[in-house]
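> Take a look and give me a structure for this.
(one chain, ligands or ions: 1)
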Amino acid sequence: MRHSSALPDNIPVQFRGWHWVKTLWPYLMEYRGRVLAALLCLVAAKLASVGMPFLLKYQVDHLSAAGLAGAVAADWWLWFPLGLLLAYGSVRFLSVFLGEVRDLLFGRVTERAMRRMALQVFEHLHRLSLEFHLNRQTGALQRDIERGTNGIGFLLRFMIFNIIPTFLELFLVIGLLLANYPPVFAIITTVAVVAYIAYSVVVTEWRTRYVREANRLDSTTHARALDSLLNYETVKYFTAEQREAGAYDESLAQWESARRMNRFSLFSLNSGQALIISLAMAAMLLFAAYYVLSGDMTLGDFTLVNAFMFQLFLPLNFLGFIYREIKASMANIERMFELLDEQPAVPDDGNNTLNIQQAEVEFREVGFAYANGRTVLNNLNLTLPAGQTLAVVGSSGAGKSTLTKLLFRFYDPQQGGIYIDGQDIRSIPQQQLRAALGIVPQDTVLFNDTLRNNLLYARPDATEDELQQVVRMAHLETLVQQNPAGLETVVGERGLKLSGGEKQRIAIARMLLKRPAIMVFDEATSSLDSTTERGIMAAIREVSAGRTALIIAHRLSTIVDADCIAVMEQGQVTERGTHAELLAAHGRYAQLWQAQQSERQVPVTGEPKDA
Ligand SMILES: Nc1ncnc2c1ncn2[C@@H]1O[C@H](COP(=O)(O)OP(=O)(O)OP(=O)(O)O)[C@@H](O)[C@H]1O
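Alright, predicted model coming up:
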């Protein structure tokens, strides 16, 4: 099944400016020494680069003067420009070198920020409720996070080391031009810069929507591919390779066309920027040539103006790129912030300590509906007596598994409450609550890791003896012995290299290793053959003896000797008692029992025995 993304497709265009400044600031402060040193390098590099055109001017002036004077080698006129040349070379090297040192120093700051951000998102995702994860599209989510964290790195690096310094340099150069030359040069530069920035901003705003659209399609395409590959087997069962490829290609085609628009908008941006720069440079040189010819400026001045232009417009050109990238980064980060703004549907604000004495669980007048609004539990009252085994049976969809989801607080009921030894579970931190509970779920999903690590996931510090003991109790020895790698066997993605029954037994073993105060078995043996089932049920009985356990089962034969059995129908408990009591009552349970008993008598041919 394909889920729709939990994130809205149309994120508001305006960026919540202070949000990210506030987010990024602590990262800068953490390494304030490095940031300061990097900034010093930056200022020194900028001073050196602004000094370069002056050295060039003096060289040209002296060389041309020497040429005019016909100076000879012995003349100091030659030594002076040579010194200047050396100084020019050194300053140039210094300017580049300091830039590199700056990057070296600052790299650590960006990487740390990216690491922190990625971790923050990861932890946040784990805090979000089950409903969010049921709705998410893993591939798209991954892409959003990846782009968002890279965006943070980019923003930090370029905001501080490109945008701010480029403006610094601009003011410095315009000031120097104004102080040393006719005002026309400063005017042309200012007009060109303003036109350039205005053009870049307007066009970038226009094209941001294409960037965003391309990103969105990139994410959905990725999600679609991932979903299809994860459902590899289903695709084969329905020979749907062509259909899947077609759907994927459809996404790719949309992405391709969004990219085309993206490229065209980039072309418009770059060409316009180049035009503005070229016009300004031509105008500057025209005036410089005029002043040289009229004798108001030297050839050195001509070179200086030219060098300034190159020096200014190069970073300005880069500024255009950076502005674009910053806009794109902001769009990416924005999406990640949307994710961080997402609030867990189930608040974790209880701070009472869970104090388990008896481990009695009570569902009191519980009313619950999932997000779609359909009532699943309706004024349900159910008690799991301390130290006893309660089995819950009932038809499919009656709301049995929902009970366990509420107990684990994946959802909160809209009415009533759940109490452990009289304590409302909402008043207890979720971590504490879940530490006291153990479950063998309906579908066991394993990590793509070894058997050992999947088992130890329940309690990483368990001893080898404890591990071997639960392997035995869950009847896993044969599986371990049959595999040459034993407990080191890797189980494949989501445990797909194991059979359903093997996965269930691993789930049972790791729950046993956890040793929770309250145990839940949600159709824990549904995938087992009847011999293994009997063995496992015996093990479950053994470990749950004297402990509070909730067993949800379809096959009634597995729970006949539970301390108590509750029958659920349409979100309510309709009957309750021991197996014998319920049979004697001739109610729904007795009906179900009868039905299952006669099914068992149907031989393999499908014909009833007595037919
Ligand atoms: N996340 C969800 N969002 C919306 N509806 C849900 C969700 N999870 C379960 N349901 C619906 O709630 C109802 C009760 O589901 P639940 O899994 O509790 O039933 P069950 O009694 O355990 O059934 P089964 O015996 O088949 O496992 C079902 O109709 C199911 O479709």
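> Pull the number of nearby residues for the residue of the stretch 201-350 of the chain found nearest the ligand.
Going by C-beta to the nearest ligand atom, the ligand is nearest to A345 of the stretch 201-350 of the chain, at 11.1 Å. To be clear about C-beta, it is placed using only N, CA and C from the backbone, and glycine gets the same treatment. If you count neighbours by other C-beta atoms under 10 Å, A345 ends up with 14.
> I'd say it and H133 touch.
No - A345 sits out of contact with H133 when judged by C-beta atoms under 8 Å, with a separation of 10.7 Å.
> on that earlier part again, what's the residue of the stretch 201-350 of the chain closest to the ligand sitting at in phi/psi?
phi -70, psi -30 (degrees, to the nearest 10).
> Relative to the ligand, how far out is the closest residue to it other than its chain neighbours?
Leaving aside its sequence neighbours, A345 sits nearest to S129 (C-beta to C-beta, 6 or more residues apart in numbering; 4.0 Å). Relative to the ligand, S129 is positioned 10 Å away (C-beta to the nearest ligand atom, to the nearest Å).
> pLDDT value on S129, please?
pLDDT for S129: 85.
> likewise the one 3 residues further on?
We note a pLDDT of 86 for F132 in this prediction.
> isn't Q273 right next to S200, touching?
Yes - Q273 is in contact with S200 according to C-beta under 8 Å; the separation is 6.3 Å.
> Pull out the buried positions in the helix or strand encompassing L36.
Using DSSP states H and E, L36 sits in helix 32-69. Using 16 or more other C-beta atoms under 10 Å as the burial criterion, the residues of helix 32-69 that qualify are 34-35, 38-39, 41-42, 44-63, 65-66.
> same deal with stretch 218-233?
Buried, per 16+ other C-beta under 10 Å, within stretch 218-233: D218, S219, T220, T221, H222, A223, R224, A225, L226, D227, S228, N231.
> got CSV for those, with secondary structure too?
CSV is the format used below for the buried residues of stretch 218-233 (DSSP: H, G, I helix; E, B strand; the rest coil):
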residue, secondary structure
D218, helix
S219, helix
T220, helix
T221, helix
H222, helix
A223, helix
R224, helix
A225, helix
L226, helix
D227, helix
S228, helix
N231, coil
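> Save those residues as CSV, and put in pLDDT and distance to the ligand too.
Output for these, formatted as CSV (pLDDT from 0 to 100; distance: C-beta to the nearest ligand atom, whole Å):
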residue, pLDDT, distance to the ligand
D218, 85, 29
S219, 82, 23
T220, 83, 23
T221, 87, 27
H222, 85, 25
A223, 82, 20
R224, 84, 22
A225, 88, 25
L226, 85, 21
D227, 82, 18
S228, 87, 23
N231, 81, 19
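> Would you point out the helix or strand in this protein whose mean pLDDT is lowest?
Within the chain, no helix or strand scores below helix 17-30, which has a mean of 71 by mean pLDDT, DSSP states H and E.
> Contact residues of the stretch 401-550 of the chain facing the ligand?
Contact residues, the stretch 401-550 of the chain versus the ligand (C-beta under 6 Å from any ligand atom): S401, T402.
> Helices of the stretch 401-550 of the chain, start to end?
Ranges of helices within the stretch 401-550 of the chain are 430-435, 451-456, 464-473, 477-482, 500-514, 530-544, based on DSSP state H, counting those that start in this stretch.
> ok, how many other residues are close to the closest residue to C41 other than its chain neighbours?
With sequence-adjacent residues excluded and distances taken as C-beta to C-beta, 6+ apart, C41 is closest to R102, at 3.9 Å. Burial of R102 is recorded as 22 neighbouring residues (other C-beta under 10 Å).
> Also A517?
Number of residues near A517 (other C-beta under 10 Å) recorded here: 19.
> related to what we said a few turns ago, touching, the residue nearest to A345 and Y411? I think so.
Yes - using C-beta under 8 Å, S129 makes contact with Y411 at a distance of 7.3 Å.
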